[in-house]
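>>> predicted model and sequence follow; I will ask about them next.
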Amino acid sequence: MKLKPQTRTFEVRKVNEDKTVELSFASSEPYERWWGIEVLKIDNSAVDLSRLNDSAPLLFNHDPDIVIGVVEKAWIENNKAMAKVRFGNSAKAQEVWADVQDGILRNVSVGYQIKEMQLVETKEDMETYEVTKWFPLEISIVSIPADNTVGVARSLEEEITIKGAKMEEKNIQTVQTEVKSEPKIDVKEVERKAKEAERSRVAEISAIAEKFNKKDLAKEAIEKGMDVNEFRAKILSNLSAKPEIDTKNATIGMTEKEVKDYSLLRALRALSNPWDKKAQDEAKYEFEVSAEAQRKFGLEAKGILVPLDVLGRSLTVGGTGSNVVPDNLLAGQFIDMLRNKSAILNLATQLTGLSGNIEIPRQTGATTTYEVGEIDAITDSDVTLDQITMSPKRLGASSGYSKQLLAQSSLDVENLIKNDILTQIALKLDAIAVNRILNETGVGLVVCNPGDANDGAAPTWANFVELESLIAMANADAGRMQYIINAKTQGYCKTTPKISGYPQYIIENNQINGYGFRVSNQVPSNLTKGTSNPDLSAILFGNFADLLVGFWGGIDIIVDPYSRKKEGVVEITADQFYDMAIRHPQSFAITKDAKI
């Protein structure tokens, strides 16, 4: 007797968040076939689960070419055959998984071979057989069930021949089955491909995690079945977020009393008098603080490292004498002071309290989208990333102070020196930022005199609009959009109408075409081009949140008491450990030939 392929259907029982599903794929519920009633025996002696427990494939509609996952585990429980399956990461697998989650696809079917049957009953010409030996090959998620009334899917059998059974006999008889044709499903090949895809996924995720030092995220992604592009997006989101200014991480943890006891002047006097034992002894505490700051931030000071705990304190002079007022001991105040003296730092993204080199990822290529036919294949495309490396560099500012001034103990003097240092560092940061943007490859360029490329020209209203358009066309017009101009350009824009003859000026309501602007004389006004004199100005426009400025530790104070000793002047150099990078050049547009 030959049995044609049969099916019956069960429903998904439990859907988990990690792309796994627990389901029942067979029970002993009687099921009517054309040749009689079939009853599957469900126990460990009857069901051979070896194939399922050897990473059998999870298919869609029993199609061996559509592998959507793998069987992780199969077992017998409460007279039912149970399995736990995990969905893969192919486009079809993701599609089916989404429909299973939404309850659209809820039917499961099993493909199996019958090895042995027994005739157990004949009633009104209807024979009932118990399948006593059977061998599941695969499990499928199916769109059209064989029977909605029973729950579990069954039976995509090979054609079999039943030997030795006389259907009219009443007694129980054993029926042996014989498989006449080779299985249509190359299970080994399906398993091999599934395992190869999984190994490739794990290896690629692990490599990305190693590159960006995010092994913890890789472990989570592998366990949850996340595909490679999803993991790339997660890495980008995790690492590209602007770090908060962590006051605790940016300081060495000095208490209010320790900050109050610290004297910058005492440290400067010791450095300017290296042979004066008394001065050295008096500054022991300041040298200990410097050593702790160097240890924490991994920096090697050439002089003495002054941490942000000290640089951020508020210093005032009372009416009856000098007093430290520790109302605000936030180390972040130091950065605030620096920003207030800088035109650009207030707009940039600041990363403080850094230690060692840091790597910041950026997306350089997006996933490609396609319009295809209903059954056409979609070409795979990857989100591509690279990274910006930032490492501590020295930014030095020098000033000369008389020995008589350094001999004072007034907090006014300490404030004077500190504010002088902050001003010089802020101005240098502005100059570096301007030059970095003006010379960055990929920044948009507007030529004020396109008709004569050899010379500059007065900037027009159209030139300003063109600067904005270049960034908008690159889809980068977001974030902190601002103009940076020099004082010369500011005066020109306040007195130059947008259109000749109409009293509407380029700068109106303290804005340029609705955007704010900052003035810094670090923006050059002495550029040259062609036959023009060195009197051309630069104009910068862009999203300054894409300008990254990193700060490491505090300020390294280096004292030189020798170079100007005949004048009685001590040369003090303040080195700030910093680095600067542009995240996306397309976020900026410039002109370098504005003749004003």
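Right, received. Where do you want to start? Since the model is a prediction, treat every value here as computed from it, not as a measurement. Numbering: from 1, shown residues only.
>>> how does this protein divide into domains?
2-185, 188-241, 247-356+392-432+551-563, 437-549+581-595 (automatic domain parsing).
>>> now the ones you listed in TSV, with mean neighbour count, mean pLDDT and distance to A574?
Glycine gets a C-beta too; all of them are placed from N, C-alpha and C. Formatted as TSV, the domains of the chain follow (neighbours: other C-beta atoms under 10 Å; pLDDT from 0 to 100; distance: least, C-beta to C-beta, whole Å):
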stretch	mean neighbour count	mean pLDDT	distance to A574
domain 2-185	18	74	54
domain 188-241	16	76	31
domain 247-356+392-432+551-563	18	74	4
domain 437-549+581-595	17	89	17
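>>> which one of the ones you listed lies nearest to D575?
domain 247-356+392-432+551-563 (4.1 Å; C-beta to C-beta).
>>> who touches L467 in this structure?
Each residue near L467 by C-beta atoms under 8 Å, 6 or more residues apart in numbering is listed here: 444, 446, 539, 541, 589-591.
>>> which stretch of helix or strand covers it?
Element membership for L467, per DSSP states H and E: helix 461-473.
>>> if we can go back for a sec, need the domains of the chain in JSON lines with distance to T573, can you?
Below are the domains of the chain laid out as JSON lines (distance: least, C-beta to C-beta, whole Å):
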{"stretch": "domain 2-185", "distance to T573": "56"}
{"stretch": "domain 188-241", "distance to T573": "34"}
{"stretch": "domain 247-356+392-432+551-563", "distance to T573": "4"}
{"stretch": "domain 437-549+581-595", "distance to T573": "20"}
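>>> just to revisit the earlier point, narrow the contacts of L467 to those in strands?
Using DSSP state E, the subset of the contacts of L467 located in strands is 444, 539, 541, 589-591.
>>> of those residues, closest to S391?
Using C-beta to C-beta, the ones in strands among the contacts of L467 come closest to S391 at I590, 26.2 Å.
>>> show me what the nearest residue to the closest one once chain neighbours are set aside is bridged to.
Counting by C-beta to C-beta, 6 or more residues apart in numbering, L540 is the residue found nearest to I590 once chain neighbours are left out, at 5.3 Å. Beta-bridge partners for L540, by DSSP bridges, are I484, I590.
>>> can you show me the strands along the stretch 1-150 of the chain?
2-3, 10-15, 20-27, 31-33, 36-40, 57-60, 63-77, 80-87, 107-123, 126-142 (DSSP state E, counting those that start in this stretch).
>>> Y483: which of these is closest?
Per C-beta to C-beta, nearest to Y483 of the strands of the stretch 1-150 of the chain: strand 80-87, 51.4 Å.
>>> the closest one vs strand 126-142, what angle?
For strand 80-87 against strand 126-142, the angle by axes from the mean of the first three to the mean of the last three C-alpha atoms, to 10 degrees is 20 degrees.
>>> now tabulate the contacts of L467 in CSV and tack on distance to Q118.
Shown next, in CSV, are those (distance: C-beta to C-beta, whole Å):
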residue, distance to Q118
G444, 82
V446, 88
I539, 92
F541, 85
A589, 83
I590, 87
T591, 91
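>>> so how far is the lengthiest helix in the chain from its chain's centroid?
As assigned by DSSP state H, the longest helix anywhere in the chain is helix 411-438. Here the centre of helix 411-438 is set off from its chain's centre by 33 Å, with C-alpha atoms, centre = their mean, to the nearest Å.
>>> please apply the same query to stretch 526-544.
With C-alpha atoms, centre = their mean, you get 36 Å for stretch 526-544.
>>> do stretch 458-477 as well
In terms of C-alpha atoms, centre = their mean, the centre of stretch 458-477 is set 29 Å apart from its chain centre.
>>> for stretch 352-361, same thing?
That offset, for stretch 352-361, works out to 15 Å (C-alpha atoms, centre = their mean).
>>> put the alpha carbons of that stretch into PDB.
Output of stretch 352-361 as PDB, limited to C-alpha atoms (Å, rounded to 0.1, in the frame of the first residue of the first chain):
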ATOM      1  CA  THR A 352      36.200  65.900  28.900                       C
ATOM      2  CA  GLY A 353      38.000  63.700  31.400                       C
ATOM      3  CA  LEU A 354      39.500  61.500  28.700                       C
ATOM      4  CA  SER A 355      42.200  59.000  29.400                       C
ATOM      5  CA  GLY A 356      44.400  57.400  26.600                       C
ATOM      6  CA  ASN A 357      43.500  57.400  23.000                       C
ATOM      7  CA  ILE A 358      39.800  57.200  22.000                       C
ATOM      8  CA  GLU A 359      38.200  56.000  18.800                       C
ATOM      9  CA  ILE A 360      34.900  57.400  17.600                       C
ATOM     10  CA  PRO A 361      33.000  55.600  14.900                       C
END
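>>> quick check: A209 touching M226?
No - using C-beta atoms under 8 Å, A209 is not in contact with M226, being 11.5 Å away.
>>> so I344 is in which element?
Counting by DSSP H and E, I344 is part of no helix or strand.
>>> now do it against V523, distance only.
I344 is 10 Å from V523, where distance means C-beta to C-beta, to the nearest Å.
>>> any shared contact partners between those two?
Counting by C-beta under 8 Å, 6+ apart, the shared contacts of I344 and V523 are 434, 484.
>>> isn't N510 up against G516?
Yes - with contacts counted by C-beta under 8 Å, N510 reaches G516, the gap being 7.5 Å.
>>> who's the closest spatial neighbour of N513, skipping the chain neighbours?
Leaving aside its chain neighbours, N513 sits nearest to F464 (6.1 Å; criterion: C-beta to C-beta, 6+ apart).
>>> over to Y483?
Excluding its sequence neighbours, the residue lying closest to Y483 (C-beta to C-beta, 6+ apart) is F517, at 3.8 Å.
>>> residue contacts, the one you found?
Contacts of F517 by C-beta under 8 Å, 6+ apart are 482-485, 490, 507, 510-511.
>>> export the strands of the stretch 1-150 of the chain to JSON lines and tack on distance to L429?
Output for the strands of the stretch 1-150 of the chain, formatted as JSON lines (distance: least, C-beta to C-beta, whole Å):
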{"stretch": "strand 2-3", "distance to L429": "82"}
{"stretch": "strand 10-15", "distance to L429": "54"}
{"stretch": "strand 20-27", "distance to L429": "53"}
{"stretch": "strand 31-33", "distance to L429": "79"}
{"stretch": "strand 36-40", "distance to L429": "77"}
{"stretch": "strand 57-60", "distance to L429": "58"}
{"stretch": "strand 63-77", "distance to L429": "54"}
{"stretch": "strand 80-87", "distance to L429": "52"}
{"stretch": "strand 107-123", "distance to L429": "64"}
{"stretch": "strand 126-142", "distance to L429": "60"}
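>>> out of those strands, nearest to E196?
Smallest distance to E196 across the strands of the stretch 1-150 of the chain (C-beta to C-beta): 11.4 Å, for strand 63-77.
>>> list the strands paired with that closest one, with their directions.
Short version: by DSSP bridges, strand 63-77 pairs with strand 57-60 (antiparallel), strand 80-87 (antiparallel).
>>> as CSV, those strands with distance to F297 would be great.
Listed next are the strands paired with strand 63-77 as CSV, based on distance: least, C-beta to C-beta, whole Å:
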stretch, distance to F297
strand 57-60, 53
strand 80-87, 46
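>>> and the closest residue in space to L527 that isn't next to it in sequence, how far is that from K595?
Of all residues not flanking L527 in the chain, L536 sits nearest, at 4.1 Å (C-beta to C-beta, 6+ apart). L536 sits 6 Å away from K595, going by C-beta to C-beta.
>>> okay, and the common contacts of those two?
Common contacts of L536 and K595, defined by C-beta under 8 Å, 6+ apart, comprise G456.
>>> can you confirm E210 is in a helix?
Yes - under DSSP: H, G, I helix; E, B strand; the rest coil, E210 falls within a helix.
>>> and it, how far from A203?
11 Å.
>>> put the alpha carbons of stretch 499-506 into PDB.
C-alpha atoms of stretch 499-506 as PDB (Å, rounded to 0.1, in the frame of the first residue of the first chain):
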ATOM      1  CA  ILE A 499      19.600  93.400  -2.800                       C
ATOM      2  CA  SER A 500      21.000  96.800  -4.000                       C
ATOM      3  CA  GLY A 501      18.500  99.600  -3.400                       C
ATOM      4  CA  TYR A 502      16.500  97.800  -0.700                       C
ATOM      5  CA  PRO A 503      17.100  98.600   3.000                       C
ATOM      6  CA  GLN A 504      17.300  94.900   4.100                       C
ATOM      7  CA  TYR A 505      20.800  94.000   5.200                       C
ATOM      8  CA  ILE A 506      22.700  90.700   5.300                       C
END
